[in-house]
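**Student:** Here's a sequence, model it:
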Amino acid sequence: MEKKIQNYPQKSLVSSIIFLATIVLVSFTLISVIFPALILRTFGGFEDNVGINPFELGVWAYPFLITNLVILVFGILYFKKMLPNQITKTIRFICNFEVSSQIAFVIITILIGVYVIFSVGDLFDGFYEDDYSLRVKERIDNFDFVDSLTISNYNIYADSMLGYVSLKIFDNVKVLPFIGSISLLVVTYYLTKQITKKRFPGIVAICIILQSGIFLKYDTSITYPNIWVLSYLVSLYAVVRISALSPIFYLYSILSKPLTVAFFPMSLFFVYRSNISKRKKITILISYGIIITSLAMGLFFVADKSIIPASHFDEHDFWGGFTVFNSEFRYDGLISILLLPLVIGLFLAFRRGIEHADSITFMIMSMILSAPLLVAVSNIINMPYRFVPLVVFFAIGVGILLSKPNQKNSL
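**Tutor:** Model prediction:
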């Protein structure tokens, strides 16, 4: 039996740099939560627009400032051991709290059951995004398993197949995307459990996703289905559980949404930090490398060049991209308010030896940075559905704060 590598890098320079960079990046991004127009006026090309007040407060400004100040004071008092003994015991009880597998199953079943009851009506409401009638419907109606599988169509094949199969089996294109969203909740639970070695954090992660307006907006969408997020999350979970399947699910996530190619560094870091044998790590990394190289060559030699990002870099669009977070998460106050405390909490968890606290931090940083980079190097605009992975990583990150260091896997 191969010997596994115990890897709790409390003193890793790379991880420390990641945390520092993430804190700086998140802090800069959250400026737009307090002052929505400040970054645009300063860096985004609107310096001379006198009609924009750079210091006008956003709707989440006061909740953000008050909550973060309270958390800061509370955290200092906790680590200085200045809180009342009863409060300290309560915090430790919450962090150490765990449920049995039977209770976890019942709670998850109830949560998903309630979610299905309140969401199943969306399958029959007749609502579709504008892009559905413009491009998606025709692709589904004319889908062919063989003819559609070409390099030039690789970025639409998976979603078109999803809609086609859903239409043929259920006579409703939204059913399989809805099942995919339910599966995303389940996989989030198992991945969080894998990382934290506890069931309760996985339940908390599900609750956080279910309260997210962005997740609920696209949970039944066939135009922007969550299948790409699900596939990517399964690829991460498979790294530890069934490593041979990880590259396959990662490839499918790319076929479903080409944006997942940009997740390659996140996957590499997750594999590097995983508690698996060196041989498995090398095998997975080589498989990932072959996938990315093959897709890059296919795009360069065969694919429609219009889908390749332009070579220019628009500085104004780049800085303006940092304000996207505030606009897209205006109905996700929990994430807007608690993102910075979460990153700091993950750093403390990392110092305690929690596996993958730095991996999730790197994923959060990458998702935030992807918005300004995407608009700066292409003509593509940011869409809210691209932030569903950030919602999931945020949820897993909160779960990590409830984990214990140096525990054996309880799965």
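**Student:** for this protein, which spans come out with low pLDDT?
**Tutor:** 1-11, 44-51, 145-157, 296-311, 405-411 (pLDDT under 70).
**Student:** quick one: the strands in it?
**Tutor:** For the chain, applying DSSP state E gives no strands.
**Student:** buried residues in the longest helix belonging to it?
**Tutor:** In the chain, with assignment by DSSP state H, the single longest helix is helix 278-301. Under the neighbour-count criterion of 16 or more other CB atoms under 10 Å, helix 278-301 has 280-281, 283-284, 287-288, 291-292, 295, 299 buried. No exception for glycine: its C-beta is placed from N, CA and C like everyone else's.
**Student:** How about stretch 191-206?
**Tutor:** For stretch 191-206, a neighbour-count test (16+ other CB under 10 Å) marks 191-206 as buried.
**Student:** and that stretch, how far apart are its ends?
**Tutor:** 11 Å (CA to CA, to the nearest Å).
**Student:** Residues contacting it, please?
**Tutor:** 97-101, 104, 107-108, 111-112, 185, 188-190, 233, 236-237, 240-241, 354-356, 360, 395-396, 398-404, 407-411 (CB atoms under 8 Å, 6 or more residues apart in numbering).
**Student:** and these, which are buried?
**Tutor:** 104, 107-108, 111-112, 185, 188-190, 233, 236-237, 240-241, 354-356, 360, 395-396, 398-403.
**Student:** Based on its surroundings, how many neighbours for Asp141?
**Tutor:** Other residues lying near Asp141 total 11 when counted by other CB atoms under 10 Å.
**Student:** Look up how far Lys168 lies from it.
**Tutor:** From Asp141 across to Lys168, the span is 11 Å (CB to CB, to the nearest Å).
**Student:** residue contacts, Gly321?
**Tutor:** So Gly321 contacts 371-376, 382 (CB under 8 Å, 6+ apart).
**Student:** Which residue lies closest in space to it, excluding its sequence neighbours?
**Tutor:** Pro372 (2.8 Å; CB to CB, 6 or more residues apart in numbering).
**Student:** okay but the one you found is in contact with Asp317, surely?
**Tutor:** Yes - assessed by CB atoms under 8 Å, Pro372 is found in contact with Asp317 at 7.5 Å.
**Student:** For the two, work out which one has more neighbours and name it.
**Tutor:** Neighbour totals were compared for Pro372 and Asp317, and Pro372 leads with 23 against 20 (other CB under 10 Å).
**Student:** where do the contact lists of Pro372 and Asp317 overlap?
**Tutor:** With the criterion set as CB under 8 Å, 6+ apart, the contacts of Pro372 and Asp317 do not overlap.
**Student:** what about Leu230, neighbour count?
**Tutor:** Leu230 has 27 neighbouring residues, counting by other CB under 10 Å.
**Student:** likewise Ile117?
**Tutor:** With neighbours defined by other CB under 10 Å, the count for Ile117 comes to 9.
**Student:** related to what we said a few turns ago, out of the contacts of Gly321, the closest to Lys174 would be?
**Tutor:** Asn382 (24.0 Å; CB to CB).
**Student:** gap between the closest residue in space to that closest one that isn't next to it in sequence and Ala262?
**Tutor:** Leaving aside its sequence neighbours, Asn382 sits nearest to Val324 (CB to CB, 6+ apart; 4.7 Å). For Val324, the distance to Ala262 equals 15 Å [CB to CB].
**Student:** Looking at those two, which has the bigger crowd around it?
**Tutor:** Comparing Val324 with Ala262 by other CB under 10 Å, the one with more neighbours is Val324, at 23 against 15.
**Student:** Identify the residues contacting Ser235.
**Tutor:** Counting by CB under 8 Å, 6+ apart, Ser235 touches 245-250, 253, 267.
**Student:** ok so, going back, of all the buried residues of stretch 191-206, which comes closest to Pro341?
**Tutor:** Of all the buried residues of stretch 191-206, Val204 has the smallest distance to Pro341: 15.2 Å, by CB to CB.
**Student:** From Pro389, how far out is the closest one?
**Tutor:** Val204 is 18 Å from Pro389, by CB to CB.
**Student:** out of the buried ones among the contacts of stretch 191-206, which are inside helices?
**Tutor:** Mapping these onto helices (DSSP H) picks out 104, 107-108, 111-112, 185, 188-190, 233, 236-237, 240-241, 360, 395-396, 398-400.
**Student:** ok, back up a step: which two in the buried residues of helix 278-301 are spaced the farthest apart?
**Tutor:** Most distant of the buried residues of helix 278-301, by CB to CB, are Lys280 and Leu299, 28.9 Å apart.
**Student:** Give the buried residues for stretch 250-264.
**Tutor:** Buried, per 16+ other CB under 10 Å, within stretch 250-264: 250-261, 263-264.
**Student:** Rebuild those residues as JSON lines, extending it with distance to Ile214.
**Tutor:** JSON lines is the format used below for those (distance: CB to CB, whole Å):
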{"residue": "Tyr250", "distance to Ile214": "23"}
{"residue": "Leu251", "distance to Ile214": "25"}
{"residue": "Tyr252", "distance to Ile214": "22"}
{"residue": "Ser253", "distance to Ile214": "18"}
{"residue": "Ile254", "distance to Ile214": "21"}
{"residue": "Leu255", "distance to Ile214": "23"}
{"residue": "Ser256", "distance to Ile214": "18"}
{"residue": "Lys257", "distance to Ile214": "15"}
{"residue": "Pro258", "distance to Ile214": "20"}
{"residue": "Leu259", "distance to Ile214": "15"}
{"residue": "Thr260", "distance to Ile214": "17"}
{"residue": "Val261", "distance to Ile214": "22"}
{"residue": "Phe263", "distance to Ile214": "18"}
{"residue": "Phe264", "distance to Ile214": "23"}
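**Student:** between those, which is nearest Leu216?
**Tutor:** The nearest one, if we look at these relative to Leu216 and count by CB to CB, is Lys257, at 19.0 Å.
**Student:** My guess is that closest one contacts Asn226. True?
**Tutor:** No - between Lys257 and Asn226 there is no contact, the gap being 9.8 Å when judged by CB under 8 Å.
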